[in-house]
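**Q** Next input, structure requested:
(chains A, B, C and D)
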There are 2 protein chains.
Amino acid sequence: MNAPTPAPRMTRQRREILDALDTRDFRSAQSWHERLRAEGSTIGLATVYRGLQALADQGEVDAVVSESGETLYRRCEAGEEHHHHLRCRSCGKAVEIDVPEFEDFAHRIGDAHGYGDIRHTIELTGVCPECAAAGRG
Amino acid sequence: MNAPTPAPRMTRQRREILDALDTRDFRSAQSWHERLRAEGSTIGLATVYRGLQALADQGEVDAVVSESGETLYRRCEAGEEHHHHLRCRSCGKAVEIDVPEFEDFAHRIGDAHGYGDIRHTIELTGVCPECAAAGRG
DNA sequence: CGTCTTATCGCTAATGATTCTCAATTGCAC
DNA sequence: GTGCAATTGAGAATCATTAGCGATAAGACG
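**A** I've put the predicted structure just below:
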């Protein structure tokens, strides 16, 4: 009954994704793909999708769904427990924020209504100083 | 130069959508469409999409984007200012919740980082009592 | 009530994002 | 090295949503 760890191989493309992700911005899989190709990589789009998903499962990257329905990714900070973001709607730059007490709050609300297995999402979006200055957003 | 109010017509299908929406569940446009057809309506899918969007713009319905990227709709309560939900991941049933102080919190965080035009999303999801009892979820 | 204008319909084709298929590669254990 | 399953890349397939368009009918007017 012990699932032998699925054996993740460290391939060139896996490494490329990890490297590219080393920033502070939220971008779509397509956007990361473009960037990689622009840097000379020959990585395929499907591979980027697969890689990002795998990384998200491992907790190596954060994934959020934008208003328009696309999934955005970025590498997350070190240790990583549960956390939230303040993201720029124009350039994707994000900072992690702390919402103390919210975990508790969420569970209390859940209990109050009899809902179990509570999960929550908090997303703050805005326009960062740079984008505001540049007249974007 | 004055846009005369676009003249919204009350059609049979508009009425059908409004009637169908008279529940407490969050469902996708496709799901509402199915339901309408099941009840004998001959309304088209595109019409349901158009109708729901229009209603969302008017503030008559709430729209949220699920984890999987689909947009879910439900009629919202009367007056309607900004509010949040605790939604069942299995059946879509939702209750409105109050998150006092959060509006302020959001703006304070935004200011602290120099981000403007702050917008926020809070979604709590869980499994409602009925679904839990039925073993779904 | 009949006519006219045009918003709205419903169908179908088009988009856009994401996933799947599958033959060709290639980590990596032996 | 060898062998084989995990992984890749390109394109087809899928899904949700939107756009295009001829047909229909809401609502204003006489």
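**Q** Can you name the element that comes right after the longest strand that chain A contains?
**A** Using DSSP state E, we find that the single longest strand of chain A is strand A:116-127. Using DSSP states H and E, the helix or strand that directly follows strand A:116-127 along the chain is helix A:129-133.
**Q** can you tell me the average pLDDT over that next one?
**A** Helix A:129-133 comes out with an average pLDDT of 95.
**Q** Dump the C-alpha coordinates for that helix into CSV.
**A** Extracted as CSV, the C-alpha positions of helix A:129-133 are listed here (Å, rounded to 0.1, in the frame of the first residue of the first chain):
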residue,chain,number,x,y,z
PRO,A,129,3.1,52.1,-8.2
GLU,A,130,5.1,51.5,-11.4
CYS,A,131,2.1,50.7,-13.5
ALA,A,132,0.2,53.6,-12.1
ALA,A,133,3.0,55.9,-12.9
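**Q** Buried ones in it, by neighbour count?
**A** By 16 or more other C-beta atoms under 10 Å in any protein chain shown, the buried positions in helix A:129-133 come out as A:131-132. To be clear about C-beta, it is placed using only N, CA and C from the backbone, and glycine gets the same treatment.
**Q** Over to A:G51: give its phi and psi.
**A** Main-chain torsions, A:G51, degrees, to the nearest 10: phi -60, psi -50.
**Q** List the residues that contact it.
**A** Counting by C-beta atoms under 8 Å, 6 or more residues apart in numbering or on different chains, A:G51 touches A:13-14, A:17.
**Q** ranking the residues you listed by neighbours, who comes first?
**A** A:I17 (27 neighbours; other C-beta atoms under 10 Å in any protein chain shown).
**Q** Confirm that that one sits in a helix.
**A** Yes: when classified by DSSP: H, G, I helix; E, B strand; the rest coil, A:I17 is found to be part of a helix.
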